[in-house]
Structure formats: C-alpha cells, structure tokens
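Peer 1: coordinates only, sequence not included:
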Ligand code: RTP
Ligand code: MG
C-alpha cells in the first residue's frame, strides 16, 4: 500500500475541550505519523478559501463562522493509506451516524461542530497540505 499524506484539522470545539492530545494519540495508535503541525486562529478569508468547495452550500456561512470561532490545530499525517485511514478514525460527518469509537462519535456534539477535518481524497489532500504548509515545513521521518 502507498505511503500517503493527508491534512488534519482539530477544529475549535475540540481545541476548546482540551483534547488535542487525545486525538493525537488516536492518530499514533493507528500508525499515522505527524510530520508537520501548527496551531493557528484562521482568518475569515483563510476559512472561506479552505472550504471554497462548499461556497454555494446553505451551511457555508455557519461553517466559516465556526472555523474562525477559536484556534485550530492543523497537521499533516503520513502513513500507509493515510487518507482513508484518517477518515475511518474520524467517523461520519454527522456524529449521530458515526461508528462507535471514532473521534466524531466520541467527541463531536453536532454535524456543525464535529471536532475534526480530514482530506477526502489523495488529490485534495495534496492541495490541502499545500494550503497550509510549504515543503520546508514538513519533516519526513528518517527513523
Ligand atoms: P470536513 O471537510 O470538515 O472533514 O467534513 P466532511 O468531509 O466529513 O464533510 P463535508 O461534506 O466536507 O462538509 C464540511 C463541513 O461542513 C459541515 N456540514 N454541515 N448542515 C449540514 O448539512 C452540513 N453538511 C456539512 C460539517 O461541519 C462538515 O464537517
Ligand atoms: Mg470534507
């Protein structure tokens, strides 16, 4: 299986709940390595650009308002089949539909405040990683 990179965001609700470490542990237990990370408070312009694919959707403004409501933790995860593996650990978008033991089932309060973001495909993962990190900010593991 191919080694991939994917973009993860721990959203403002989960940062506020003080569960960054709990979520990082789940990545590590799944064999995903954190190869870049940054805490930041997104501007409205950044959040709108990041979620531009959803611009025409009725939930767009609420999504952007939520994503700028507090700091987020942004990271690049690396590992075999990382994109799909990360989505599996996250669980479904709506926590009510998420499988038990997933991050969203355990920590998300609603479809709007759902704890984490993860890239949905290898191609979008590359775009999303490049949105936040330059090549010199990513640290591949040598051991
Ligand atoms: P994300 O991009 O944040 O990882 O979430 P996702 O792929 O599971 O879901 P996506 O369809 O990309 O939607 C992005 C975010 O918009 C909010 N949303 N609300 N009210 C609604 O019907 C609705 N649908 C989506 C969610 O917060 C979702 O994470
Ligand atoms: Mg998505």
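Peer 2: Sure, I can see it. Here the structure is a predicted model, which is why all the values come from computation and not from measurement. Ligands and ions are numbered 1, 2, ... in the order given.

Peer 1: quick check, residue 34 in a strand?
Peer 2: Yes. Applying DSSP: H, G, I helix; E, B strand; the rest coil, one finds residue 34 inside a strand.

Peer 1: so how far is residue 76 from it?
Peer 2: 7 Å (CB to CB, to the nearest Å). C-beta coordinates here come from the backbone N, C-alpha and C atoms, glycine included.

Peer 1: neighbour-wise, which of the two wins?
Peer 2: residue 76 (26 against 15; other CB atoms under 10 Å).

Peer 1: How far does stretch 113-132 stretch from one end to the other?
Peer 2: In stretch 113-132, first residue to last residue: 21 Å (CA to CA, to the nearest Å).

Peer 1: Can you name the residues of the chain that neighbour ligand 1?
Peer 2: For the chain, the residues in contact with ligand 1 (CB under 6 Å from any ligand atom) are 54, 59, 63, 93, 111, 112, 114, 117, 118, 120.

Peer 1: Would you mind listing which of those are buried?
Peer 2: Buried by 16 or more other CB atoms under 10 Å: 63, 114, 117, 118, out of these.

Peer 1: how many other residues sit next to residue 20?
Peer 2: Other residues close to residue 20 by other CB under 10 Å number 15.

Peer 1: hang on, it packs against residue 14?
Peer 2: Yes. Between residue 20 and residue 14 a contact is recorded at 7.3 Å, counting by CB atoms under 8 Å.

Peer 1: quick one: which of the residues of the chain next to ligand 1 sit in helices?
Peer 2: residue 63 (DSSP state H).

Peer 1: quick one, what contacts the residue nearest to residue 109 when sequence neighbours are not counted?
Peer 2: Residue nearest to residue 109 in three dimensions, not counting chain neighbours: residue 13, with 6.6 Å by CB to CB, 6 or more residues apart in numbering. Contact analysis of residue 13 by CB atoms under 8 Å, 6 or more residues apart in numbering lists 66, 108, 109, 113, 114, 115.

Peer 1: again, but for residue 26
Peer 2: Applying CB under 8 Å, 6+ apart, the residues near residue 26 are 89, 103.

Peer 1: Now it: phi and psi?
Peer 2: phi -70, psi -40 (degrees, to the nearest 10).

Peer 1: hey, where'd the strands end up in this protein?
Peer 2: Under the criterion DSSP state E, the chain carries strands at the ranges 3-10, 33-40, 72-80, 116-118.
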